[in-house]
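Trainee: What follows is a protein structure lacking sequence information:
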DNA sequence: CATGAATGAGAGTTCATTCAT
DNA sequence: TATGAATGAACTCTCATTCAT
């Protein structure tokens, strides 16, 4: 079984580029024409690769969605926000970090998120990917909630369960959808949502 | 749509029943599995008719959506509300009529509306049908707005354009979606929405 | 649900002819090139129909095998033999009937049987169809065995279990395969197998 | 196939081990799931190598079959038997040697042989490999036949042509298949087949 | 020698739709 | 009016194979 740790950096990089091209093309076409109506052949054409390169580089049609979600989860902004939580000094700062973090992610992952939200009721594959994405975001929010409880300064009677639900309410997918629907910029939306959340959750 | 007087009434009635069975089956399956993933064959099976009867009785797949919309538009509740407008004696009463009318329609057409709203971003056929449905509702709201302007009693500075937009905001598809999301009954939703609209539109 | 018993004999007959053409083409191609290597497209081409007519008239690829088996089971010769059993007057006559019946079936269904036997070890679909076919034949043999026991005249100590196994041994698929391998005609094979079986099973 | 004396022995040995692993995995999967339904990727996975190593170490899919046959031909037991023929002192001993030799080979190459025999009617690649294997065995039998004629002691009137055909009949693939079907051990089968052959071929 | 990436060809299957009846 | 049969087009996905490394 002795696998040689044989890694060619050039090939690896080229493969990563291919993968990214495929994912980007898929996100654009899914967003434009809907998940069900977008064929793998169309994605391959848009990405400039053979149909089966989609399969070898990412996987089947549903794997494309999950790969998008994974990429979003692994986004640097997410990790940076998570890391910054540890050095936060107040619950208010945590809220600001979450607001900015979700704002940035929303901006960078707009395509993916619109695919997930627009198609989740219309196709089980998308519903599943959306479920995964939501679970990931909720997990991050749970970390933030824990940190807030550690730091204190919350309105009286606010417990862990409630805090996690509130974070999802103020910074989860539906909240940002409202921001977009209202025509606010992501930055203004962050300020507004952070204000609402602070009013509701922090001690006066 | 007017029926010819000298057609066999029995056959006509049977045909109408067939059509209704097909439409109901289609609405249920579309709502359950999504528009794109529901095949005409599945609809025919659920309706207990041959595949082609779907075509002869209603039309192709996209025609099913438009037929649902047409049926909703032709709903008795809509006509009753429209008729009642002419005998309304105040703008406040018009708002109450609109609130009750949209509430009833929402209740009776829930299946169709969830299909339209859940799938409009995922499939052009649905988007088109949703557009038609929205235009129909907006047209009814325009009538109501005209009647309100005739009756007077509006807050100062409220013109036709603004009034029509406000009616859509308070009683259109998204508003009722919020009602459902908040867990209110259709009746309570009607009261709440009517209150919001009255505060905003009527002179004190 | 009220299905009209609407049957057009012309259409029905045409459909049956189509089905037969498809099945015959499939049997020939399967026998010639093997089950796995024969594509549905090739079958359709050989039958002079569209690819999907194969699906609408018979079913998928594996359904073709099962349909062949079903047709074999429903073969007139099988029914005739089964019917003749009731008027048989001795166990020896039953053996002669079975020998002649299996001989005739073997002749008429040679194509199907060679497909089943040549491909059963190479593909699970064929294995399944062969299993079904074998079960059917064994069921017929069980009837013959029951009749023989009723009529008596068997060698001492021969019971039902043993009799059924022996009938399969002398007249089942492998036996007739040997007949073919030895270069005997089906008729001569029937005589020979019947002789062997009589020696072994009947009282002197 | 002769190896160059100055190639790195270590690398060569590693390559040989890889080749063996691939061939063994292929034989097992072919026997288990059939030739046509076994993919090169599955073989590579089972062998713990990359897909392409299958190609570089052995060759394409059909080459795998031929390589198995070659390995069987090159088996030490075969060479030993062939060598022993020269020192045999009677036709009876030759028969014993052939019986023992084919028995041992049958035991050691069971996997390969079942692949060849179970799939030869279902796939041309296998048919070709089986043909090659059969030709090889027949060639060995021809040598044995020649030796028997040299040594004498054959039944009157038995010539070369007939002798070669008889050896295939008594010790070829179908004969051993019957042995297996009858549930005999390879050793008992050898004794039985040798007895049959002796009765038929040797002078009393 | 062995590898990961990429490919072209083709598979089985499902779909919405139309035709003659 | 409603039907069963048949179709052409498209789909996702798997396959054996080759290339640069």
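Mentor: On my side now, so go ahead. Because the structure is predicted, anything quoted here is derived from the model rather than measured.
Trainee: show me where pLDDT drops low in chain A?
Mentor: When residues are selected by pLDDT under 70, those of chain A lie in A:1-9.
Trainee: Chain neighbours aside, what residue packs nearest to residue A:19?
Mentor: Once flanking residues are discounted, residue A:19 sits nearest to residue A:57: 4.7 Å by CB to CB, 6 or more residues apart in numbering or on different chains. Any C-beta I mention is one placed from the backbone N, CA and C, and that applies to glycine too.
Trainee: Please parse chain A into its domains.
Mentor: Listed by automatic domain parsing, the domain ranges of chain A are A:9-59, A:71-201.
Trainee: What residues of stretch A:116-126 count as buried?
Mentor: Under the neighbour-count criterion of 16 or more other CB atoms under 10 Å in any protein chain shown, stretch A:116-126 has A:116, A:117, A:118, A:119, A:120, A:121, A:122, A:123, A:125, A:126 buried.
Trainee: Can you name the next helix or strand after the helix or strand hosting the first one?
Mentor: Secondary structure assignment for residue A:116, by DSSP states H and E: helix A:110-119. Along the chain past helix A:110-119, the next helix or strand (assigned with DSSP H and E) turns out to be helix A:124-151.
Trainee: Any part of that next one near DNA strand F?
Mentor: No. Applying CB under 7 Å from any atom of the strand, one finds helix A:124-151 separated from DNA strand F by no less than 8.7 Å.
Trainee: Once you drop chain neighbours, what's closest to the residue nearest the centre of chain A?
Mentor: Among the residues of chain A, residue A:72 comes closest to the average C-alpha position under CA atoms, centre = their mean, at 4.6 Å. Spatial nearest neighbour of residue A:72, excluding adjacent residues (CB to CB, 6+ apart): residue A:109 at 4.7 Å.
Trainee: count of neighbours near that neighbour?
Mentor: 22 (other CB atoms under 10 Å in any protein chain shown).
Trainee: wait, it sits on residue A:73?
Mentor: No. Between residue A:109 and residue A:73 there is no contact under CB atoms under 8 Å: 9.7 Å.
Trainee: Could you check how many residues crowd around residue A:164?
Mentor: 19.
Trainee: Please report how far it lies from residue B:126.
Mentor: To residue B:126, residue A:164 is 35 Å away according to CB to CB, to the nearest Å.
Trainee: again with residue A:48
Mentor: 31 Å.
Trainee: repeat for residue A:20
Mentor: 31 Å.
Trainee: ditto for residue A:176
Mentor: For residue A:176, the distance to residue B:126 (CB to CB) stands at 24 Å.
Trainee: ok so, going back, could you give the angle of the helix holding residue A:116 to helix A:124-151?
Mentor: 120 degrees (axes from the mean of the first three to the mean of the last three CA atoms, to 10 degrees).
Trainee: Make sure the residue nearest to the centre of chain A is actually in contact with residue A:112.
Mentor: Yes. Shown here, residue A:72 and residue A:112 form a contact pair, counting by CB under 8 Å, at 5.7 Å.
Trainee: Run through the residues that contact residue A:92.
Mentor: Contacts here follow CB atoms under 8 Å, 6 or more residues apart in numbering or on different chains; on that basis residue A:92 touches A:153, A:198, A:202.
Trainee: Just give the number of residues close to the first one.
Mentor: Burial of residue A:153, expressed as a neighbour count using other CB under 10 Å, amounts to 14.
Trainee: can you give me phi and psi for the closest residue to it other than its chain neighbours?
Mentor: The shortest distance from residue A:153 to any non-neighbouring residue, by CB to CB, 6+ apart, is to residue A:91 (4.4 Å). Dihedral pair for residue A:91: phi -60, psi -40, per degrees, to the nearest 10.
Trainee: got the contact list for residue A:91?
Mentor: Contact partners of residue A:91, counting by CB under 8 Å, 6+ apart, are A:148, A:151, A:152, A:153, A:154, A:201, A:202.
Trainee: Isn't the first one up against residue A:94?
Mentor: Read that as residue A:148. Yes. Residue A:148 lies in contact with residue A:94 (CB under 8 Å); the separation is 5.0 Å.
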